[in-house]
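*Asks:* All I have is the shape, not the residue letters:
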């Protein structure tokens, strides 16, 4: 019987210019599992690290962007991973980047694109990641009343991370 793992996080990175834009990353061609796949920021939770701390760290490591704010979302992705025979539960977060944020990719990725909602959803392969972009748009970008309850970290002005 597969075991349940809670070791991964996913992050929808977005910025607001004239219109909202969502960051998608292309995995390097030499990636062992998903070469060339377009995806969101994702990564592992380290020992003694909270999931939201891992999400913040992964955004910085994979994109070079220090988010203005981090948000919890009302979404958790669940998927089976055959190589480890595990059902993975991955909380989804959102990271607001500055409108002129400069991306500096890690070696994990070979390219990036800032896309509008429909373009980002059409480029992502995994249904959970497509749903995540839509939920971030619906709950955070459109400033749903629940948005204020979802902000977990703000780097604006002199505010410090939680």
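*Replies:* Right, received. Where do you want to start? All values reported here derive from a predicted model rather than from experimental measurement. Numbering: from 1, shown residues only.
*Asks:* going forward, measure contacts and count neighbours with C-alpha atoms only.
*Replies:* Will do.
*Asks:* Against which helices or strands is the helix or strand where residue 55 lies packed?
*Replies:* Secondary structure assigned from DSSP states H and E places residue 55 in helix 51-63. If you count contacts as 3 or more CA pairs under 8 Å, 6 or more residues apart in numbering; DSSP states H and E, helix 51-63 packs onto strand 8-16, strand 41-44, strand 86-96.
*Asks:* Can you say which of those strands is nearest to residue 109?
*Replies:* Residue 109 lies closest to strand 41-44 among those, at 9.9 Å (CA to CA).
*Asks:* Parallel or antiparallel, list what pairs with that closest one.
*Replies:* Applying DSSP bridges, strand 41-44 is found paired with strand 8-16 (antiparallel).
*Asks:* and the strand it pairs with, what's its mean pLDDT?
*Replies:* The predicted model gives strand 8-16 an average pLDDT of 97.
*Asks:* Give me the distance between that strand and the centre of its chain.
*Replies:* On the basis of CA atoms, centre = their mean, to the nearest Å, the separation between the geometric centre of strand 8-16 and that of its chain is 3 Å.
*Asks:* Following the chain past that strand, name the next helix or strand.
*Replies:* strand 20-27.
*Asks:* So what are the sheet partners of that following strand and their directions?
*Replies:* Listed by DSSP bridges, the sheet partners of strand 20-27 and their directions read strand 8-16 (antiparallel), strand 38-39 (antiparallel), strand 109-115 (antiparallel).
*Asks:* what does stretch 7-14 rub up against?
*Replies:* The set of residues external to stretch 7-14 that reach it, using CA atoms under 8 Å, 6 or more residues apart in numbering, is 20-23, 40-46, 51, 54-55, 59, 88-97, 132-133, 136.
*Asks:* Kindly report the same for stretch 100-119.
*Replies:* Under the criterion CA under 8 Å, 6+ apart, residues 19-29, 31, 61-65, 133-134, 137 lie in contact with stretch 100-119.
*Asks:* now those residues: which count as buried?
*Replies:* Taking 16 or more other CA atoms under 10 Å as the criterion, what is buried in these is 20-28, 61-65, 133-134, 137.
*Asks:* can you tell me the average pLDDT over stretch 84-98?
*Replies:* 94.
*Asks:* same deal with stretch 139-155?
*Replies:* Per-residue confidence for stretch 139-155 averages out to 81 on the pLDDT scale.
*Asks:* if we can go back for a sec, so can I have a markdown table of the helices and strands packed on helix 51-63 showing mean neighbour count?
*Replies:* Below are the helices and strands packed on helix 51-63 laid out as a markdown table (neighbours: other CA atoms under 10 Å):
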| stretch | mean neighbour count |
| --- | --- |
| strand 8-16 | 24 |
| strand 41-44 | 21 |
| strand 86-96 | 23 |
